[in-house]
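Enquirer: Got a sequence here, can you model it:
(one chain, ligands or ions: 1)
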Amino acid sequence: MARRPTCHALRRTRKKTAGRHWSRATVVPASTPMPSTQPGSPPVALPLSVVHGGAPEGPQSAEARVAEEDALGLLEDVELARLLAAPRERRQAEGARGVFINRNLRLAGVEMVGFDMDYTLAIYHQRRIEQLSFDLTLGRLITAHGYPHEIGLLPYDHTFVIRGLVVDRSHGNLLKLDRFGQVGRAWHGLRTLGHEAWHHLYRNAPVRLRGNRYAWIDTLFALPEAWAYAAIIELLEARGHVLDYGRLYDDVREAIDSVHRDNSLKQAVRRDMARYIYRDPELGPALHRLRSGGKKLFLLTNSHWDYTQAVMSHLLDGLAAEYPTWRNYFDVVITGADKPGFFSDNHTFLELDPTSGEVLGEATSLERWKVYQGGNLGAFEQMAGVSGEKVLYVGDHIYGDILKSRKASLWRTCMVVQELEDEIRYTEGRREEISRLAEVELLRARLDDAVNQHKSLLGTLERRLERDQLNETERAELEQQRKAAKMNLERLRRALKGAVTIAETLERDVEAGYNPYWGLLFKEGHENSRFGAQVEQYACLYTSRVSNLLYVSPTQYLRSQRELMPHEQAGATSGKLAPIGSEGPAKGSIRPPL
Ligand SMILES: [Mg+2]
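Expert: Predicted structure coming up:
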């Protein structure tokens, strides 16, 4: 690599920038006189170095001085720039099918990739499975819990519920929270909650999801229960019933759990697998790409063996000549895993007979072509001989798959959010409206600032006109200035009012276009929704489906876009520190030699 002489370039750069840092670098001697505080003298700002003690300038160690010089050599290397600019052939997925990175991940360091099955490898036809689950649940509520037959006639509204909603069991409301836990939207039955009730219930007390009052709709399979809850409240209250909202929710939960527990739902799915589960032609190639990159694959699902076998066969059997059955893709298969208990409890690993599904006994090793049930994190890592950051786990459940595995282990995580494709395609389709909204919001902030400035100017002029001793000419001139300031202020106020209306209208339109009840999944107003914030906080990666991994090299270094804090966005130099993040050990864990 050609290196250019750098010392003089460095000196040149330092000379140019030296003036910018004087206030940080200047050490004020003890004898420096303090600014004057004589009455009547104009206020003088304290030198920052006096207030905060100042900070040293420039590289502190000899190694850092060399590194800074080397950096210039590297950055100015023409040959290197040419190599990096050369076009490369790379498989491209459309934007909506990207793999999005919250936390840097060096895929080359991952030795095992694990997958959940339902809603992860197996993407369900959402409308059909929700309708099926809803119908079965209503039936169970009538037959097992004594609800009136008329609830059986309720239609299912797919748009009314989205993932991430919260049920208030005490008051029968459905809520959408922002990342701070503030309630952004609230519905009671099929009516928006009135402002007074909203204010009384949620404005002054934080929504705490721990405890019994609130329940979080955090999986796709829970969506029908939210609709059933709201629709039954609407129907029965319209007929004058007084409801125990907590009991109703428990009954709906129990009904939906029972149709899962007794296999009614799964039997219906198995009767017509193609109707309910997509067969993604890119799933096999994506798994193959990971395997050919040297990764071992494992399946870790809560579904039991017979259903797992049926679904996985539907998904993968015969998809590629080199993988005659789905079993060929996986090194370890664990069913009935009881997540999140798998990550926190100490269940025994059992080996199953793959033909009969019967338990053969306790497992002491994990072998290819065998089938296991239950188990726990510690035993898995010990028997698989791989642990911590060498495992990437892909799942759809923010709590059971992602949050719990992140809290209990160092496994890296990838969350499958199948709604992501719709949301990205939708917002891309509304790109112009959204960028106009962003422009108007910036203008609104500037107008707000200008209104305040002009209010203050007008106040000053009015005070001067009232109090100062002025001759006629001075008074006429000031009066002229006051009139101009007042006119400008009025104009700015009108524009601000207009900008607020425009912004609110555009925002409402964009959100309602996606979902008229709840808006966007990942956003709540200006903020991330609580769901969006949880995905951001706990999932290292997120994507709409497993087959999107086909477009990522198994040795790629996935780098996150480093998020800047507001003071860094405002231009603080610290914002330039590692702008695309770092994956190394925690800062300070490696001590420099003394
Ligand atoms: Mg799942």
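
Enquirer: Next, please give the residue ranges for the strands of the stretch 51-200 of the chain.
Expert: For the stretch 51-200 of the chain, applying DSSP state E, counting those that start in this stretch gives strands covering 99-101, 105-106, 112-115, 166-168, 173-177, 183-188, 191-192.

Enquirer: Ok, which of the ones you listed comes nearest the ion?
Expert: Minimum separation from the ion across the strands of the stretch 51-200 of the chain (CB to the ion) falls at strand 112-115, 9.5 Å. To be clear about C-beta, it is placed using only N, CA and C from the backbone, and glycine gets the same treatment.

Enquirer: partners of that closest one, with directions?
Expert: If you go by DSSP bridges, strand 112-115 pairs up with strand 296-300 (parallel), strand 391-395 (parallel).

Enquirer: Enumerate the residues of the stretch 251-400 of the chain near the ion.
Expert: Counting by CB under 5 Å from the ion, the residues of the stretch 251-400 of the chain close to the ion are D396.

Enquirer: Contact partners for whatever residue of the stretch 251-400 of the chain ends up closest to the ion?
Expert: With CB to the ion, the shortest gap between the stretch 251-400 of the chain and the ion falls at D396, namely 4.5 Å. With contact taken as CB atoms under 8 Å, 6 or more residues apart in numbering, D396 is in contact with D116, D118, Y119, T120, T219, L220, M415, V416, V417, Q418.

Enquirer: Would you mind confirming that the second one makes contact with S303?
Expert: It stands for D118. Yes: using CB atoms under 8 Å, D118 is in contact with S303, at 6.0 Å.

Enquirer: Need the residues touching each of the two.
Expert: Residues touching both D118 and S303 by CB under 8 Å, 6+ apart: V311.

Enquirer: okay, those two: which has more neighbours?
Expert: With neighbours defined as other CB atoms under 10 Å, D118 and S303 compare such that D118 has more, 23 against 20.

Enquirer: Could you measure from the more buried one over to L420?
Expert: Relative to L420, D118 is positioned 17 Å away (CB to CB, to the nearest Å).

Enquirer: What count of nearby residues applies to the residue in the stretch 401-550 of the chain positioned nearest to the ion?
Expert: Relative to the ion, the nearest point of the stretch 401-550 of the chain is D401 (6.4 Å; CB to the ion). Neighbourhood size, D401 [other CB under 10 Å]: 31.

Enquirer: and if you look at E428?
Expert: Per other CB under 10 Å, the neighbour tally for E428 reads 12.

Enquirer: who are the neighbours in contact with it?
Expert: So E428 contacts G95, A96 (CB under 8 Å, 6+ apart).

Enquirer: phi, psi of it?
Expert: Backbone torsions of E428, given as degrees, to the nearest 10, read phi -70, psi -40.

Enquirer: now the contacts of D396: which count as buried?
Expert: D116, D118, Y119, T120, T219, L220, M415, V416, V417, Q418 (16 or more other CB atoms under 10 Å).

Enquirer: now, which of those residues lie close to the ion?
Expert: Of the buried ones among the contacts of D396, the ones that also sit near the ion (CB under 5 Å from the ion) are D116, D118, Y119.

Enquirer: could I get the strands of the stretch 51-200 of the chain as CSV with mean pLDDT?
Expert: Output for those, formatted as CSV (pLDDT from 0 to 100):
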stretch, mean pLDDT
strand 99-101, 95
strand 105-106, 94
strand 112-115, 98
strand 166-168, 96
strand 173-177, 96
strand 183-188, 95
strand 191-192, 95
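
Enquirer: For the ones you listed, give me JSON lines that also has mean neighbour count and distance to D257.
Expert: Shown next, in JSON lines, are those (neighbours: other CB atoms under 10 Å; distance: least, CB to CB, whole Å):
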{"stretch": "strand 99-101", "mean neighbour count": "19", "distance to D257": "32"}
{"stretch": "strand 105-106", "mean neighbour count": "18", "distance to D257": "35"}
{"stretch": "strand 112-115", "mean neighbour count": "24", "distance to D257": "24"}
{"stretch": "strand 166-168", "mean neighbour count": "24", "distance to D257": "15"}
{"stretch": "strand 173-177", "mean neighbour count": "24", "distance to D257": "19"}
{"stretch": "strand 183-188", "mean neighbour count": "20", "distance to D257": "24"}
{"stretch": "strand 191-192", "mean neighbour count": "12", "distance to D257": "28"}
